[in-house]
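Q: pasting the structure only:
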C-alpha cells in the first residue's frame, strides 16, 4: 500500500500551476518537544517559505513522487476495531528525496494510531524530488495515506 501525492495551495487563494489543488490554511509543524503546531500560511508566510527555498507543490514543474518505502504498518488494535480512513501528512520533501523530519505533521487525522503509522512510513519513504526548470527544489506536499481493511484482520 503506497500513498499518493496531492497538491496544496496558499491561503492567499492564488492557484498557480497546471492542476489546482485544495486550499491550505496552515502548515503543521512538529515542535522540539514533539507536539504539533499549526503555522498559518498567509501570503507573507508563503513568501517566507519561498525565501527558505521551499516551493508549494502546485508551483513545481515536476512534483515529488514516492520511489520506495517500508511496508505500511496497520496497527493491530486499530485493525481489530475496524478503524479505516485517510490520514493526510504534510511534509517538505528535500533535495535528496526524503521528508524533512521537522516538517512532518498530520494535516488530517483519523485516529492517533493510524496517524503515527503514517508518520513512521513517511520518515522512511524515499521520493523523486520536485523540480522547477530542471532544478531540484524543496517542495511542500500533502501525502494521503489510506488505511483500508480487506477481509479478516
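A: That came through, no problem. A quick note: this is a predicted structure, and the numbers were derived from the prediction, not measured. Numbers count the residues shown, from 1 in each chain.
Q: alpha carbons only for contacts and neighbour counts from here, please
A: OK.
Q: what's the neighbour count on the closest residue to residue 111 other than its chain neighbours?
A: The shortest distance from residue 111 to any non-neighbouring residue, by Cα to Cα, 6 or more residues apart in numbering, is to residue 83 (7.7 Å). The burial count assigned to residue 83 is 17, neighbours taken as other Cα atoms under 10 Å.
Q: Now do the SS call for residue 83.
A: Following DSSP: H, G, I helix; E, B strand; the rest coil, residue 83 is assigned to coil.
Q: and it, how far is that from residue 135?
A: 41 Å (Cα to Cα, to the nearest Å).
Q: likewise residue 54?
A: Going from residue 54 to residue 135 by Cα to Cα gives 13 Å.
Q: More neighbours: which of these two?
A: residue 54 (18 against 12).
Q: where are the low-confidence patches of this structure?
A: Filtered on pLDDT under 70, the chain yields the residue ranges 1-52, 152-153.
Q: Against which helices or strands is the biggest strand by length in it packed?
A: Scanning the chain for the longest strand, with DSSP state E as the assignment, gives strand 135-147. Under the contact criterion of 3 or more Cα pairs under 8 Å, 6 or more residues apart in numbering; DSSP states H and E, strand 135-147 touches strand 54-56, strand 85-93, strand 130-132.
Q: relative to strand 135-147, how tilted is the second one?
A: Angular relation of strand 85-93 and strand 135-147 on a 0 to 180 degree scale: 160 degrees, by axes from the mean of the first three to the mean of the last three Cα atoms, to 10 degrees.
Q: Quick one: residues in contact with strand 85-93.
A: Strand 85-93 is contacted from outside by 27-28, 54, 64, 99-100, 103-110, 114-115, 118-119, 127, 129-130, 138-148, using Cα atoms under 8 Å, 6 or more residues apart in numbering.
Q: again, only using 6 Å
A: Contact with strand 85-93 is made by 99-100, 103-110, 138-147, as judged by Cα atoms under 6 Å, 6 or more residues apart in numbering.
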